[in-house]
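Asks: Have a look; sequence and predicted model below, questions after that.
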Amino acid sequence: MSRQHSRIPNIHRKTEVELEIMREAGRIVAKALAAVGEIIEPGVSTAKIDRLAEQVIVSSGAVPSFKGYHGYPATICADPDDIVVHGIPSEEMILEEGQIFGVDVGAEWNGYHGDAAVTFAVGDISVEKRALMDKTREARDAGIAAAMAGNHLVAISSAVENCVARAGFSIVRDLVGHGIGRAMHEPPQVPNFVEEGQFPEYGLTLRPGHTLAIEPMVNLGTHRITQDADHWTIRTADRLPSAHFEHTIAISRNGPVILTLP
């Protein structure tokens with residue numbers, strides 16, 4: 001989601017009943033991502049991938065969270081190479097050998113949402129693209145590991161940033177993670193970096209029942225981004241590749257629980 005400025009909001013803590021519903025929404029998201037991963041190869045259109053994701057979600061009794069959201073026209077965000085997020089799938093957008101391809105997808109089940117993203121290799125990819133993917137996944141996992149009850153939210157931001165900085169890559173700073181539940185985007189914002197004074201949410205104490213989408217977006221080159229004329233597609237300003245990994249998680253007394261697993 002795009003970053004916004006606010007005071008620390010009141011965060012709804014989900015009950016066990018709500019969390020179980022979100023677990024099922026998350027399972028459906030994971031199922032859709034697993035299905036599209038099976039058909040990702042050079043020559044496949046992103047429209048075909050979008051149709052498969054929608055079929056999986058709908059056949060599971062859920063509704064695609066993204067389709068129609070603020071007018072977005074598709075079930076997935078289709079993000080090859082320099083597209084960071086919000087790429088619109090089409091018959092003309094064909095996967096090519098050597099690309100990396102991000103798929104972001106959400107599902108609503110019984111009024112609650114799950115949201116996750118995976119970046120896939122399309123055929124054989126370069127060493128630097130592989131390193132970018134691996135480090136972005138590692139950064140997501142570091143952020144999740146820091147999401148412990150009693151920690152401040154800034155612990156997530158710091159863990160993600162430190163992981164990426166050690167690798168020499170850059171973190172997108174105009175887009176952040178978010179709370180999630182009955183709405184796709186709920187408070188709080190979850191930045192992937194620490195910028196003193198920019199996010200009151202840094203001081204939020206994580207409590208059992210908080211649910212978050214942790215999603216580092218990491219670029220090979222500059223952190224700066226641009227937006228296409230379609231008002232959706234976000235690209236790296238230098239047109240170098242970007243990777244994106246995301247899980248929906250819940251804070252519990254026993255540590256973070258990933259809700260978007262099969």
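Replies: Everything's here; your move. Numbers count the residues shown, from 1 in each chain.
Asks: Show me where the stretch 151-262 of the chain has its helices.
Replies: With helices called from DSSP state H, counting those that start in this stretch, the stretch 151-262 of the chain shows them at 154-167.
Asks: for it, which spans come out with low pLDDT?
Replies: Along the stretch 151-262 of the chain, no part satisfies pLDDT under 70.
Asks: Could you pull out the buried residues of the helix or strand harbouring residue 38?
Replies: Taking DSSP states H and E as the criterion, residue 38 maps to helix 16-39. Buried residues in helix 16-39, counting neighbours by 16 or more other C-beta atoms under 10 Å, are found at 18-19, 21-33, 36. No exception for glycine: its C-beta is placed from N, CA and C like everyone else's.
Asks: Which strands and helices lie in contact with it?
Replies: helix 46-59, strand 100-109, strand 112-121, strand 247-250 (3 or more C-beta pairs under 8 Å, 6 or more residues apart in numbering; DSSP states H and E).
Asks: Make JSON lines out of those and add distance to residue 259 and mean neighbour count.
Replies: JSON lines is the format used below for the helices and strands packed on helix 16-39 (distance: least, C-beta to C-beta, whole Å; neighbours: other C-beta atoms under 10 Å):
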{"stretch": "helix 46-59", "distance to residue 259": "16", "mean neighbour count": "20"}
{"stretch": "strand 100-109", "distance to residue 259": "11", "mean neighbour count": "26"}
{"stretch": "strand 112-121", "distance to residue 259": "6", "mean neighbour count": "25"}
{"stretch": "strand 247-250", "distance to residue 259": "5", "mean neighbour count": "26"}
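Asks: Compare these and give me the one nearest residue 141.
Replies: Among those, strand 247-250 comes nearest to residue 141, with 8.5 Å by C-beta to C-beta.
Asks: partners of the closest one in the sheet?
Replies: strand 211-214 (antiparallel), strand 257-258 (antiparallel) (DSSP bridges).
Asks: what's the angle between the helix holding residue 38 and strand 112-121?
Replies: Orientation note: helix 16-39 sits at an angle of 30 degrees relative to strand 112-121 (axes from the mean of the first three to the mean of the last three C-alpha atoms, to 10 degrees).
Asks: still on that earlier bit, would CSV of the helices and strands packed on helix 16-39 with distance to residue 166 be doable?
Replies: Formatted as CSV, the helices and strands packed on helix 16-39 follow (distance: least, C-beta to C-beta, whole Å):
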stretch, distance to residue 166
helix 46-59, 33
strand 100-109, 20
strand 112-121, 19
strand 247-250, 21
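Asks: Select, out of the ones you listed, the one closest to residue 232.
Replies: Among the helices and strands packed on helix 16-39, the nearest to residue 232 by C-beta to C-beta is strand 100-109 (11.9 Å).
Asks: Residues in contact with the helix holding residue 38: which ones?
Replies: Helix 16-39 is touched from outside by 14, 48-49, 52-53, 56-57, 60, 62, 76, 103, 105-116, 118, 120, 180-181, 209, 211, 248, 250, 257-262, with contacts defined as C-beta atoms under 8 Å, 6 or more residues apart in numbering.
Asks: which one of the strands paired with strand 247-250 is the most hemmed in?
Replies: strand 211-214 (a mean of 27; mean count of other C-beta atoms under 10 Å).
Asks: then that one to PDB, C-alphas only?
Replies: Extracted in PDB, the C-alpha atoms of strand 211-214 (Å, rounded to 0.1, in the frame of the first residue of the first chain):
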ATOM      1  CA  THR A 211      -2.800  -9.200  11.900                       C
ATOM      2  CA  LEU A 212      -0.300  -7.800   9.500                       C
ATOM      3  CA  ALA A 213       0.800  -8.100   5.900                       C
ATOM      4  CA  ILE A 214       4.600  -8.000   5.900                       C
END
